[in-house]
Structures are given as C-alpha cells and as structure tokens.
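In: Quick one: sequence and predicted model below, then my questions.
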Amino acid sequence: MNTASTCILAVICIYLCGMLWIGFHFARSNESAADFYLGGRKLGPFVTAMSAEASDMSSYLLMGLPGVAYLSGVADVGWTVIGLALGTYLNWLLTAQRLRCYTQLTHSFTLPQFFSNRFHDEKNILSSIAAVIIIIFFIPYTASGFAACGKLFSSLFGWDYLTAMRVSAVVIVGYTAAGGFLAASTTDFIQSIVMTIAIVVALVFATVSAGGIGAVMENARALPGYLSFTSSYNDATGAASPYGFLTIISTMAWGLGYFGMPHILLRFMAIKDQTKLTTSRRVASVWVVIAMAVAVLIGLVGKALSGAGAIEKLSGSGAETVIIRIADLLSQHGVLAALMAGLILSGILASTMSTADSQLLAASSSVSQNILQEALHFKLSQKTNMLVARCTVVAIAVLSTLIAENPDSSIFGIVSFAWAGFGAGFGPIVICALFWKRTTMAGALCGMVAGGVAIFVWKFMLKPLGGVFGIYELLPAFIISIVTIVVVSLITKAPDESIIAEFDAAREKAMSNE
C-alpha cells in the first residue's frame, strides 16, 4: 500500500472510530424504547435540520446524483433535484409542526404507532401494516447504502467487494444498535458537515484539474442535449434524446416522497422545542439546495475530466464512482492532498451511514414495537425491549447485506424504488391524517395498501409497456392512494367526536407555534 492509500485509509479509520465512539457514548442515555427510537424528544433545531437532511441525502447525493449527471447531463438529474428541493421545503413547512404536536398529543414515538393512535385503532391494524411496508422497502434501501460502501473500498483499494461491504455494515450496526436515535442523530449532524466539506473540496479540485470552468462548459456543450432541460444526452449513442413534459412531471414527483419518509418524519417528531421548527426548516432547505447543486456539478466536471483523459471513461453503474475517481486523482498530489482525499471518501461513507442508521432504527422499531408488542401483544420489560430492539437492528442489517451482495446493482435504481414505496404508501395518509379531519381508519387503511400495491404493479407490470406507462411509479401510485383515502373515507362512517376533538386540539397547538 502506497503513501496516498495509507493516508486515505488513516482518515477513514479515524472517522469510523469516531462514529463508533459516539454510539457507545449515547448507549448510556437510552433508558426506554422511546429514548432508543426517538431520543426522548431532545433534539435542538440545528441537529434536527441537519440530521434530517443527512439521513435523507443517502449515497445518492455523492454517488447517485453525480453518476446520473455524468452519463446523461442536466435534464434527468436537474428535474429530480428541483422536485426534491420543493418536496423538502413543503414537507418542513406543512408537515413538521403538525406532526410534532399530534404525535406528542397521541403519545406516539414511531410513525406506524401514530397512524393507529390517530384513528384510535385499538387492534393496531394500521401500525402492523405500516410496519410491514417499512420492512419491505427499508431493507433494500439500507442495502443500497451497504452497496455504496462496498463499491467505495473495492474501487479505491482493490479490496473484495463483499468483505468491504460487510465490514462497513458492521460499523453502522455497531453505533446504531448501541446508541439508538440520539447516536444516529448526532452522527448524522457530524456527517452532514463532513459531506459538505467533501463535495466542496471535490468540486473545486475537479474543476481546476479539468482546466477551469471554461473547459468544463466547452466539453458539456460539445455533447448533444447535455446541458438542456428538455433533452437528455444518450451516452451509448452520443446523441440527444427528447425529455418531454410528462417525463419532467414524473421526475419532479420525487418530491412527493418526502411526505412518507419515516426516517425524516421522525426528526420532526423528535425536536425539543417545536417553536424552533421554522429555524430548522430554513437551515435544512438551504443546505439541501446547495448540496444537491454541487453534487450535480461534480458529475458534469467529472465528464470533462474523462474527456481530458484525467480519469477513465465511466459507463453504467460505474458512473456512480466518479467522485471516488476524483478523490483518487487528488490523492496523487502529496500527503496533504491524500488526507483531503480521505476526507472526501469519508464524506461518501457519511452520506451512506447517515441514512442507513436511520433506516435501521425505523425498521427495527417496526418489528419490536409495532409488530411484537402492539400487534402480537408480547409483554416485554424495558430491559428486554431494548435487547429486542438492538437484536432487530442486527437482523435487518443481515438481510440488507444479503441483498447488497450484487456489486453491479444501481444505487440510484434501488433508492428510487424504495423512495416510491414510502412516498405512495405513507405520504397520502400523513397528509390526510394531519389536514383532513374527515379521514377515516378504513380510508387510511385502504389508501396505504393501495399505494404500496400500486408501486409494484406499476413498476413491474405497467412500466415495461413504455409510453405513458413509463413514468416514475411514485406519481401514479401517490394519486391512486390519495384518491382511495378520500373515496373510502366519504363512503364510510365519519370519525367519532373524540377523534375530531383530538384533531382540532393538535391543529390549534400547531397553529399557535407557527
């Protein structure tokens, strides 16, 4: 191993050890399942904002988005980013305050638990089905993070992909299982800072290495459709492909996913002072826009580097390693540059770990809290409950590593499918539960099932037909879900007065804090 590799590995090891230390430090703070899964609602506004966005910006921020930009230009990734930016802001603006107040009023510390408590579902049917949806979609979502770690070490150091992926999973599981939500949120806050430094350093160095902004733009303009928002560059043919209105709307529909993301919504529920959510919203929205814009630019600059011969030409899922290639190029310029390259690569780990830890917590709470205790009525002591929670984290991580064994899987593809599942399965019910008092339990149940099923039907049966069916499955499934909720709610018995009174109390509390 040469000096550059040694420096990079040293930085990454220090970073990973720091994350583990945080996990074990917070292990002593968890006295109950509520502490383990929601941190006792103790988060400050900045930690709430940055941990929410770090857990949102998974490996697709530093690998997925640059990879798509590298291959096809700005249209596909650009409209995706616009949709995500709008979704982020609207989710904070519309959902955060009401969800924080409503979950405190109903004594809910997981999203499935809120669904059942909101509709006074004494049999916990809603929470059980929601828990199953979380497990179905979070396992492949977590797998995409583990896959990103494996790709990182495999492409950089030549290590065996499976070994690298599994070691990374062990570290993530270690601090998550030990420290729970507080550890995950604190590490996510730190990781958001590391991610920010990483993408800025990578962009500046890559731009200089490509010959400056002028050279980057000249290379991009030479590729048909590369800089257009209405056409896309086809890397295989070297020609432009049309990017129509329906495709644009479909791509922007990524933003709808935010309303149903359990690991993001949990941050809204966990803030200590809900009057500070406005501050959190502003911090989160600004950071997301800047981070995604820089990530897209990294892809465009990376294409120029390939054109200049500074890095190899990348294709397929290999394009997602463009930032790794940039870090490798940087490491060849001395010890200090190698250390900075190590920081960039730590940023990739940060983007992956910050999402995976939150996903593991959400999935484990679904099993130990919503299924074992609420649905199956297991009576567990606080100590046993904590043990079950930690064991569930490990079990779900094992399943995720099995799915992540294919090194050729597309990170962006896996994330898009899981994102659609949560967006359509939970987004409409969250919106209706918070804003429409006429929503009934039957409506919520049917809408949740309809949204989840529609994702699979559209993705695997209708989308292959092409044409109008080729749109992103989140958009039609979201519409199907929300229409189902409204129709079923209107044809079933109106909610009891106690549910209406609770809804009004939560709404008034939220409005008083705005």
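Out: Received, thanks. Numbering: from 1, shown residues only.
In: I'd say Gly425 and Phe137 touch.
Out: Yes. Assessed by CB atoms under 8 Å, Gly425 is found in contact with Phe137 at 7.4 Å. For glycine as for every other residue, the C-beta is placed from the backbone atoms N, C-alpha and C.
In: For Leu445, give me the pLDDT.
Out: pLDDT for Leu445: 96.
In: Leaving out the residues flanking it, which one is nearest to it?
Out: Spatially, and ignoring its direct neighbours in sequence, Leu445 is nearest to Leu126 (6.0 Å; CB to CB, 6 or more residues apart in numbering).
In: secondary structure element for the one you found?
Out: helix 125-157 (DSSP states H and E).
In: returning to that earlier point: so the residue nearest to Leu445 sits against Ser116, correct?
Out: Yes. When contacts are counted by CB under 8 Å, Leu126 is listed as touching Ser116 (4.7 Å).
In: Assign Leu314 to helix, strand or coil.
Out: coil (DSSP: H, G, I helix; E, B strand; the rest coil).
In: who touches it in this structure?
Out: Going by CB atoms under 8 Å, 6 or more residues apart in numbering, Leu314 touches Gly67, Tyr70, Leu71, Gly302, Ser306, Thr321, Val322, Arg325.
In: most residues in a single helix of the protein, which one?
Out: Counting by DSSP state H, the longest helix found in the chain is helix 161-209.
In: what sits up against stretch 221-231?
Out: 72-75, 78-79, 220, 232-234, 238-244, 248, 303.
In: ok, now stretch 88-105?
Out: By CB under 8 Å, 6+ apart, the residues outside stretch 88-105 that reach it are 41, 53, 56, 108-109, 114, 118, 255, 258-259, 264-265, 268-269, 271, 274, 277, 280-281, 284-285, 288, 430-431, 433-435, 502, 505-507, 509-510, 513-514.
In: and these, which are buried?
Out: Buried residues within those, counting neighbours by 16 or more other CB atoms under 10 Å: 41, 53, 56, 108-109, 114, 118, 255, 258-259, 264-265, 268-269, 271, 274, 277, 280-281, 284-285, 288, 430-431, 433-434, 502, 506-507, 509-510, 513.
In: among these, which are in helices?
Out: Those of these lying in helices (DSSP H): 53, 56, 114, 118, 264-265, 268-269, 277, 280-281, 284-285, 288, 430-431, 433-434, 502, 506-507, 509-510, 513.
In: before we move on, the earlier item: quick one, which of Gly425 and Phe137 is more surrounded?
Out: Between Gly425 and Phe137, counted using other CB atoms under 10 Å, the more crowded position is Gly425 (29 against 25).
In: does the more buried one sit in a helix or strand, and which one?
Out: Per DSSP H and E: helix 411-435 holds Gly425.
In: Just the element for the residue lying closest to Cys446 once chain neighbours are set aside, please.
Out: If the residues on either side of it in the chain are set aside, Cys446 comes closest to Val488, at 4.6 Å by CB to CB, 6+ apart. Taking DSSP H and E as the definition, one finds Val488 inside helix 474-491.
In: And that helix, what's buried?
Out: Using 16+ other CB under 10 Å as the test for burial, helix 474-491 gives 474-482, 484-486, 488-489.
In: Which of the helices and strands in the chain ranks last by mean pLDDT?
Out: Lowest on mean pLDDT, DSSP states H and E among the helices and strands of the chain sits helix 33-38, with a mean of 60.
In: JSON lines for the buried residues of helix 474-491, including distance to Asp160 and pLDDT?
Out: Below are those laid out as JSON lines (distance: CB to CB, whole Å; pLDDT from 0 to 100):
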{"residue": "Leu474", "distance to Asp160": "35", "pLDDT": "93"}
{"residue": "Leu475", "distance to Asp160": "40", "pLDDT": "93"}
{"residue": "Pro476", "distance to Asp160": "41", "pLDDT": "94"}
{"residue": "Ala477", "distance to Asp160": "38", "pLDDT": "96"}
{"residue": "Phe478", "distance to Asp160": "40", "pLDDT": "96"}
{"residue": "Ile479", "distance to Asp160": "45", "pLDDT": "96"}
{"residue": "Ile480", "distance to Asp160": "43", "pLDDT": "96"}
{"residue": "Ser481", "distance to Asp160": "42", "pLDDT": "97"}
{"residue": "Ile482", "distance to Asp160": "46", "pLDDT": "96"}
{"residue": "Thr484", "distance to Asp160": "47", "pLDDT": "97"}
{"residue": "Ile485", "distance to Asp160": "48", "pLDDT": "97"}
{"residue": "Val486", "distance to Asp160": "52", "pLDDT": "97"}
{"residue": "Val488", "distance to Asp160": "51", "pLDDT": "97"}
{"residue": "Ser489", "distance to Asp160": "53", "pLDDT": "96"}
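In: Could you single out the nearest of these to Tyr60?
Out: Taking CB to CB as the measure, Tyr60 lies nearest Leu474 of the buried residues of helix 474-491, at 14.7 Å.
In: since we're on the residue nearest to the closest one when sequence neighbours are not counted, how many residues are nearby?
Out: Distance criterion CB to CB, 6+ apart; nearest residue to Leu474, sequence neighbours excluded, is Ala420 at 3.8 Å. By other CB under 10 Å, the residues close to Ala420 number 31.
In: quick one: pLDDT of Ala420?
Out: 92.
In: Touching, it and Tyr472? I think so.
Out: Yes. Here Ala420 reaches Tyr472: they are 6.9 Å apart, a contact under CB under 8 Å.
In: which neighbours do those two share?
Out: Counting by CB under 8 Å, 6+ apart, nothing touches both Ala420 and Tyr472.
In: Grab the nearest non-local neighbour of the residue sitting nearest the centre point of the chain.
Out: By CA atoms, centre = their mean, the chain has its centre lying nearest to Asp56, at 3.4 Å. Excluding the flanking residues, the one nearest Asp56 by CB to CB, 6+ apart is Ile264, at 5.4 Å.
In: wait, what's in contact with that neighbour?
Out: Applying CB under 8 Å, 6+ apart, the residues near Ile264 are Ala52, Ser55, Asp56, Asn91, Tyr258.
In: nearest to Cys7, of these?
Out: Using CB to CB, these come closest to Cys7 at Ser55, 29.0 Å.
In: Nearest spatial neighbour of that closest one, chain-adjacent residues omitted?
Out: Ser358 (3.9 Å).
In: Tell me which helix or strand comes right after the one helix or strand the one you found maps to.
Out: Using DSSP H and E, Ser358 falls within helix 335-365. Remark: after helix 335-365, the chain's next helix or strand is helix 382-403, criterion DSSP H and E.
In: what angle separates that next one from helix 161-209?
Out: Calculated by axes from the mean of the first three to the mean of the last three CA atoms, to 10 degrees, helix 382-403 forms an angle of 70 degrees with helix 161-209.
In: quick one: average confidence on helix 382-403?
Out: Mean predicted confidence for helix 382-403 is 78.
In: buried residues in it?
Out: Neighbour-count burial for helix 382-403 flags 385-386, 388-390, 392-394, 396-397, 399-401, 403 (criterion: 16+ other CB under 10 Å).
In: by contact count, what packs against that helix?
Out: Of the remaining helices and strands, those touching helix 382-403 by 3 or more CB pairs under 8 Å, 6 or more residues apart in numbering; DSSP states H and E are helix 33-38, helix 125-157, helix 161-209, helix 335-365.
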